[in-house]
Each structure stands twice: as C-alpha cells, then as structure tokens.
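In: Attaching a predicted model along with its sequence, questions to come.
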Amino acid sequence: MFKVFRNWVQRYFSDEEAVVLAVLLVIGFAIIISFGDSIAPLLTGVVLAYLLQGMVTRLQAWGMPQVLAVWLVFLLFLGALAALFGIVVPLVWRQVINLFNELPGMLVQWQAQLAHLPEQYPALVSSGQIDRIVASINGELGQFGQWVLSQSLAGLPMLLTILVYLVLVPILVFFFLMDSDKIIAWLVGRLPRERRLMNEVWSEMNQQIANYIRGKAVEILIVGAVSYVSFAVLGLNYAALLAVMVGFSVLVPYIGATIATLPIALIGLFQWGLGNEFMVLMVVYAVIQALDGNVLVPILFSEAVNLHPVAIIAAVLIFGGLWGFWGIFFAIPLATLFKAVLNAWPGGEEPSPHVAVEAP
C-alpha cells in the first residue's frame, strides 16, 4: 500500500511547480470556505471589476488615456448603482410587501380550490389526502413565517452590512480598475520564476472567468428585462419581483428555471385561474426560457469550456453547499478551473528501468 502511494506521489507531484500549485489551490479554497462571508465585499469588487474592465480596455483601444477611461467607466457604474437602488430595489420591495399582505387571501383561495378536487376527481383524490396536503402546507408556512420574523428582527445588522457594501465595494472597484496592472504584477512577483503550469492554467482561466462573469451579467439583465416587459404586458401581478427572480434563476443552470416556474404558476393561478390568460403566461415563460437556453446562452458563452450537464449540476451542489450564493455563482468557473488543472497537470511519466539516461 505504501509503495502504491509513493508511486502515485512521484508520478503526479514530482514536478516542484505542481506541488506549489496544489498548495496554492488548497490555501485558496481554505480561505474562501473559512472566511467567505468576511471577504465577500472584496470578492464583489473583483467580480464588478471584471465586468467593467472590458469597457476600460475598449476605451483605451480607442485612444483614451487610462485614467480618463477608468473615471468614465466608474462614473457610469455609480450611475447604474444609483438607478438600481433608487428605482429597481424600491419597486421590488413594494411588491414583496404587497405579496406578504395578500398571501393569507391566496392561501384561503388555494385551500378552497383544493377542497373541491375530491368532488371533481373522486377516483384520483380523496378528502384525507387534501387534508394532509393542507396541513403540510400550513406547517411549512408557519416555519417560513418564523424565518421571516427572525430576519426582520435581524434587520439592523443586515442594513449595516448593506451600507458597508455600498461604501466599500465602489472604492474597491475603483482601485481594482485603476491599479489592476500593479496588483497583478505584485501577485506574480510572489510566485516562483518557473511557472509554466501556472501560466497555462491562468491563461485559460483568466479568459474563461472574465467571459463567464460578463456573459452571466448580460444574461441576467436581458432575461430579467424581457421577463418584466412580458409580465407587465400580460398584466401579471408582482411583475418586477417575478422578473428579478427569473433573471437571477439563470445563475443555477437546469435547476433555476424549474424553481422559478412554481411561483409564476401559482401567482398566475391565483390571479386568473386555469383560463386563457394563465395558458398564455406559461407559453410566454416557456418561450423566454427556450430563447435563453438555445439562443442567448450559445451567443454569450460561445468561448466557454464545454462541461457535461452532470458536472455542472455537481459543481452547483458542491460549491453552493460549501460557499452559498458565491459558490453557486462561481460553480461553472470553479469546475472549469478544476478541469483546466487536470488537463495541464504533469502526468509524471516514469522512465523505463532498462533505459539508461545519460547526462548531456
């Protein structure tokens, strides 16, 4: 057993650079898992800087000085942030409050509709099954109400956290944009001089992560905006809230769209029942999801590394469980990193014992 382990170590860790890369990866994951919440503003700044760096690079290619390009892009970012917290967030918050106020009435109506099912379909549904379903729903809603109450009691710390983000994140974004070359040069200076393996992994991952973050941000904006316009035209209640939910559902491939379908269907049923309006709503939502998966995603992520759906779902479950929201957001880049490291890792081919290796 010891011989097998020693041969395995010699095969895959005989290269000094491979050992350094393995240590860096382990330290990086340990820091993220242990201090993910504490360094969340830093990570948010890095993500936003990735989003904006493309605009800065484009302006510099057009002949604009770096300082002027950074300031222009940063002011546009502040304007978008002000619009987000001045228009979108208040609108969504008002709809959340209205939804909670109308939720008891929705529950009464849904329970009344469920109570008529045994009369309409006696061979399929019994009154005892309906009673158990209603009791289960009431129990889940009771737990959800306790969670909402606990969150409201913890509202002050959450408000302070939001204020910290609003102050720190723009500052971090500005310095990441202004001094990105200096920061990268400092980090590279801490690495070994011989870093062929690291350069190979970094050259692939830098492009992949940048493309993924920018593409995912554009996808969220487009899907959310199209969903809001569609829901508003159809007259669906809570259009802004549902559109935001649909937009962020694209962060979780294959799973997010399925989860977002349930609240849309329930609100549509409560508002219209099983009528033509409800059918049109579900068809429109299905068209949005089909266009997103078959048109928008191939255009935005044409340069992304192909990953098997099983690998994507496994990455979402594993990294989401370890790191929460950021784990879900970075699940695909982290899976791509894992794949890039495996592809670039030296195989450590052992020389044949019958062949003498002469010194040059």
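Out: Yep, it's here. What you are looking at is a predicted structure, and each value in this text was computed from that prediction instead of being measured.
In: ranges for the strands of the stretch 201-350 of the chain?
Out: Per DSSP state E, counting those that start in this stretch, the stretch 201-350 of the chain carries no strands over any range.
In: any weak-confidence spans in the stretch 51-200 of the chain?
Out: 137-138, 140-159, 194 (pLDDT under 70).
In: for residue 296, what are its contacts?
Out: 219, 222-223 (CB atoms under 8 Å, 6 or more residues apart in numbering). Just so you know, the C-beta spots here come from the backbone N, C-alpha and C atoms, and that holds for glycine as well.
In: Try it again at 6 Å.
Out: Not one residue lies near residue 296 by CB atoms under 6 Å, 6 or more residues apart in numbering.
In: distance of it from residue 219?
Out: Noted for residue 296: a distance of 6 Å to residue 219, by CB to CB, to the nearest Å.
In: Next: residue 172.
Out: From residue 172 over to residue 219 the distance is 24 Å, taken as CB to CB.
In: Next: residue 200.
Out: For residue 200, the distance to residue 219 (CB to CB) stands at 28 Å.
In: out of those two, which sits in the more crowded spot?
Out: Higher neighbour count among residue 200 and residue 219: residue 219, with 19 against 15, using other CB atoms under 10 Å.
In: what about that one, distance to residue 185?
Out: Residue 219 sits 32 Å away from residue 185 when distances are taken as CB to CB.
In: Isn't residue 114 up against residue 131?
Out: No - with contact defined as CB atoms under 6 Å, residue 114 and residue 131 do not form a contacting pair (9.5 Å).
In: low-scoring stretches of the stretch 251-360 of the chain, by residue?
Out: Across the stretch 251-360 of the chain, the ranges flagged by pLDDT under 70 are 302-307, 344, 346-360.
In: Would you map the helices across it?
Out: Along the stretch 251-360 of the chain, the segments classed as helices by DSSP state H, counting those that start in this stretch run 256-272, 276-291, 297-300, 309-329, 331-344.
In: highest average neighbour count across those helices?
Out: Of those, the one with the most neighbours on average (mean count of other CB atoms under 10 Å) is helix 331-344, at a mean of 18.
In: That one - contacts with which helices or strands?
Out: On a contact count with 3 or more CB pairs under 6 Å, 6 or more residues apart in numbering; DSSP states H and E, helix 331-344 meets helix 196-234, helix 309-329.
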